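# How does the following fold in three dimensions:
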Amino acid sequence: MTYSKYNFCTLFDRYYFSRGIALYESLKEHSDNFHLYIFAFDDESYQKLTKLNLEHTTIISLNEFEDQQLLAVKQTRTKAEYCWTTTSSTILYAIRKFNLESCTYIDADICFYSNPQEIFNEIGDASIALTLHNYSKLYDQSSTSGKYCVQFVYFKNDLNGIAALEWWRNACLDWCFARLENGKFGDQKYLDDWTERFKKVHVIKNLGAGIALWNAQRFNITKNDNEFFIHDFVSNKDYNLIFYHFHGLKYVIKNESIIVEATKFKFNSQLKELLYIPYIHKLSGIDNPDNINQNITFLELSPIAKLLLPIHFMLKKFIILQKIKALFVRSMK
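Residues are numbered from 1 along each chain as shown. Sure thing, here's the model as predicted:
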């Protein structure tokens, strides 16, 4: 399929504003053939985005976007749960409102490091495209968070794409919470069976699409003349780093220093130097230009916590499997 333009949509509020701007700037740096539809999830973000007048963007307020069905469930969801609930609706809105040939939802906390055209070349004539979590063995949370990650989800404006979007929207309106229940979790585990449920679904094979802390241990990341590459230790193959997902990144600014909270995932110096430090400086600079060159300190888990983490993941997986087994046994009675 030949794309006249790569259409993306994303959503964020004032708390993710700098991440959303960093996402936009990374797209603009690596592609001149895109349009980003930004759903501003509060008035402050909408006003700031409107004043910025960013090229290749359309800014959409909640007043424009929210319909009666979304408003009816809004008070029953947390802020995060409501964002998950609306993901499918943002894509459907953009496609229908602006008569798009296709649209790809992207999380506001991803950052592009090369042209996404490589992904779309692979997608070809598919109606739907999904990205795997590609978990490292130690951090495999497929049973709880799903096989696929709602970080980059593509839909073509055809019968198959719209059917999947409408199904997903209705499912999320009915149930979308931050807990595992009857094989569901948020908006994400709904995707687990899509290769069987819907037609022309493509699972993206390019491992450069969707590196994150839950899978970074299987890759060697390098930089050469401002180009980023990854080597996959499992397949022994090399890829361009297309985008990285900075999921769960939390930091605070104290005494003119940036303190990054500890994470349950292994965090090597390569990731810090090549990706995290430049990204955090970018976010901090967007929030306040005086923060650009602040020192960054990465907090670490205690030695005991590090030792207990593998046990934590194994126990979590065991408990989930037991719950699934119990549900299966009850269903057979």
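# and the residue nearest to residue 230 when sequence neighbours are not counted, how many neighbours does it have?
Excluding the flanking residues, the one nearest residue 230 by C-beta to C-beta, 6 or more residues apart in numbering is residue 219, at 4.5 Å. In this view, the C-beta of every residue, glycine as well, is placed from N, C-alpha and C. Using other C-beta atoms under 10 Å, residue 219 has 23 other residues around it.
# these two touch, right, residue 219 and residue 212?
No. If you go by C-beta atoms under 8 Å, residue 219 and residue 212 don't touch, sitting 10.5 Å apart.
# on that earlier part again, residues contacting the residue nearest to residue 230?
Neighbour list for residue 219: 207, 211, 230-233 [criterion: C-beta atoms under 8 Å, 6 or more residues apart in numbering].
# What's opposite it in the beta bridge?
Beta-bridge partners for residue 219, by DSSP bridges, are residue 232.
# Could you number the chain from 59 rather than 1 from now on?
Let's use 59 as the start, then, which means that last one is residue 277.
# Distance check, it against residue 265.
As judged by C-beta to C-beta, to the nearest Å, residue 277 and residue 265 stand 8 Å apart.
# any shared contact partners between those two?
The contact sets of residue 277 and residue 265 overlap at 288, 290 (C-beta under 8 Å, 6+ apart).
# before we move on, back to that, what do residue 277 and residue 270 both touch?
Between them, residue 277 and residue 270 share no contacting residue under C-beta under 8 Å, 6+ apart.
# Tell me how many other residues crowd residue 305.
A count of nearby residues for residue 305, using other C-beta under 10 Å, gives 15.
# So it, which state does it fall into?
Assigned by DSSP: H, G, I helix; E, B strand; the rest coil, the conformation of residue 305 is coil.
# residues touching it, list them.
Residue 305 sits next to 165, 167, 209, 270-272 when contact means C-beta under 8 Å, 6+ apart.
# Kindly report the same for residue 103.
70-72, 75, 78.
# What is the most widely separated pair among those residues?
Maximum pairwise distance among the contacts of residue 103 (C-beta to C-beta): 9.8 Å, between 72 and 78.
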